[in-house]
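Novice: Generate a structure from the sequence data that follows.
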Amino acid sequence: MSQEEESRAARTGRRSRLAELDSALELLEELNLRGEETVPPRLRVRLQAMGVPVVPLDSPTSLLEKVLVVQDVYLLHPVELDRLDSGRRPGGPVR
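Specialist: Just a heads-up that it's a prediction; the model follows:
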């Protein structure tokens, strides 16, 4: 694989991961707006798979903040994340 193809693949991977995080963010915002205090287990597992540190007592609000932090890391330090994230396959939609 050429350097250009590798760079293009890395950008595509980052975009995919950011799209996954955006999807999770939308779901958390919906839960927060409805006044929910818990996050469904499937969403918690998915967030963990995306690198969001999840603890049992996290509310939708606290997880919103954590997702934003992870998004910032992807945007500000993409090269480091590419190294850490090599081989990870993007997941399906978060629901």
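
Novice: How about the secondary structure of Val45?
Specialist: Reducing the assignment to helix, strand or coil with DSSP: H, G, I helix; E, B strand; the rest coil, the entry for Val45 is helix.

Novice: Number of residues surrounding it?
Specialist: By other CB atoms under 10 Å, the residues close to Val45 number 13. All C-beta atoms are positioned from the backbone trio N, CA, C, and that covers glycine.

Novice: and it, how far is that from Ala24?
Specialist: Distance, Val45 to Ala24, using CB to CB, to the nearest Å: 11 Å.

Novice: And Thr12, by the same measure?
Specialist: Following CB to CB, the distance that separates Thr12 from Ala24 is 19 Å.

Novice: Looking at those two now, which is surrounded by more residues?
Specialist: Neighbours were tallied for Thr12 and for Ala24 using other CB under 10 Å; the higher tally belongs to Ala24 (24 against 11).

Novice: Can you give me the buried ones in the helix or strand where that one lies?
Specialist: Taking DSSP states H and E as the definition, one finds Ala24 inside helix 3-33. Using 16 or more other CB atoms under 10 Å as the test for burial, helix 3-33 gives 10, 13-14, 17, 20-21, 23-25, 27-28, 31-32.

Novice: got CSV for these, with distance to Leu57 and pLDDT too?
Specialist: Compiled in CSV, those are given as follows (distance: CB to CB, whole Å; pLDDT from 0 to 100):
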residue, distance to Leu57, pLDDT
Ala10, 35, 81
Gly13, 32, 85
Arg14, 31, 85
Arg17, 26, 89
Glu20, 24, 94
Leu21, 22, 94
Ser23, 23, 95
Ala24, 18, 96
Leu25, 20, 96
Leu27, 19, 97
Leu28, 15, 97
Leu31, 15, 97
Asn32, 16, 95
